[in-house]
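Chemist: got a sequence here, can you model it:
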Amino acid sequence: MIRTPIIITLPGFYDNETDAVCALADAGADIIHFRKPDAGEENLNLWLGAIPENYRDNLTIHYRIDLAEKYMLGGIHSKITDLKTFENPDLRKSTSCHSWEEVENAEGIADYVFLSPVFDSVSKEGYKSAFDHGFLKEKLNGINIRTKVVALGGIASDNIGTIKDIGFDGVAMIGSIWSVKENKIDIEKTTANYIKIMEEWQKKL
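Modeler: Numbering: from 1, shown residues only. Coordinates of the predicted model:
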């Protein structure tokens with residue numbers, strides 16, 4: 001079981017985002033995914049360089065194994081074919097799955113996988129739930145797999161009970177956490193959003 005909900009960054013950059021990330025880590029977020037798919041090299045380095053060293057183990061970066069090692073981050077998120085070749089044993093490894101077959105293919109390679117969308121997405125318009133919950137419950141409770149399966153897509157405080165009942169090992173979220181106004185993150189509200197979901201998740205452990 002993954003003790004605290006996983007956070008994924010918004011795709012853009014925000015004035016006080018690194019401060020927000022540190023505040024979320026202080027609030028209990030053990031794993032925060034740094035995902036900036038359209039970012040240039042300079043912005044990636046500026047962002048990571050602004051994170052104090054004692055918070056970097058909380059970060060999992062998407063696809064950039066070179067930056068994970070340069071900044072001594074905690075994890076790498078990539079395609080399963082790439083994870084097979086990464087040799088750094090100190091990095092936690094994760095990948096994204098959109099079918100149960102992909103979950104099975106990640107067995108023994110990734111430490112955990114995101115399976116999505118479990119519910120209709122909060123952050124991506126038109127990204128609808130793709131799974132029958134009864135099917136997922138049968139799969140997650142019927143076999144013993146080493147790779148943890150994390151629910152992503154539409155996660156909110158009011159459906160945490162459903163996630164636990166289905167049998168997921170963890171939850172991850174984007175849209176239900178971040179509060180942004182005029183390119184600045186409302187750190188107090190964002191942190192409160194996270195704590196509310198974390199408390200619901202840990203109630204069910």
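Chemist: okay, helices next: where are they in the chain?
Modeler: 17-26, 41-49, 65-70, 80-83, 100-105, 133-142, 160-166, 187-203 (DSSP state H).
Chemist: pull out the buried positions in the fourth one.
Modeler: For helix 80-83, the neighbour count (16 or more other CB atoms under 10 Å) marks Ile80, Leu83 as buried. All C-beta atoms are positioned from the backbone trio N, CA, C, and that covers glycine.
Chemist: before we move on, what about stretch 4-20?
Modeler: Thr4, Pro5, Ile6, Ile7, Ile8, Thr9, Leu10, Tyr14, Glu17, Thr18, Ala20.
Chemist: so what's the residue nearest to Lys189 when sequence neighbours are not counted up against?
Modeler: The spatial neighbour of Lys189 that comes closest, neighbours along the chain excluded (CB to CB, 6 or more residues apart in numbering), is Ser179 at 4.1 Å. Residues in contact with Ser179 (CB atoms under 8 Å, 6 or more residues apart in numbering) are Ile185, Asp186, Lys189, Thr190, Asn193.
Chemist: quick check, the fourth one in contact with Ile174.
Modeler: So that's Thr190. No: using CB atoms under 8 Å, Thr190 is not in contact with Ile174, being 11.5 Å away.
Chemist: could you say which of the helices of the chain is packed most deeply?
Modeler: Highest mean neighbour count among the helices of the chain (mean count of other CB atoms under 10 Å): helix 17-26, with a mean of 20.
Chemist: so which elements touch that helix?
Modeler: Secondary-structure packing of helix 17-26 (3 or more CB pairs under 8 Å, 6 or more residues apart in numbering; DSSP states H and E): strand 32-34, strand 184-185, helix 187-203.
Chemist: try 10 Å
Modeler: If contacts are counted by 3 or more CB pairs under 10 Å, 6 or more residues apart in numbering; DSSP states H and E, helix 17-26 sits against strand 6-8, strand 32-34, helix 41-49, strand 184-185, helix 187-203.
Chemist: other SSEs contacting the helix or strand of the chain with the lowest mean pLDDT?
Modeler: Sorting the helices and strands of the chain by mean pLDDT, DSSP states H and E puts helix 133-142 at the bottom, at a mean of 90. Counting contacts by 3+ CB pairs under 10 Å, 6+ apart, helix 133-142 packs against helix 100-105, strand 112-115, strand 148-152, helix 160-166.
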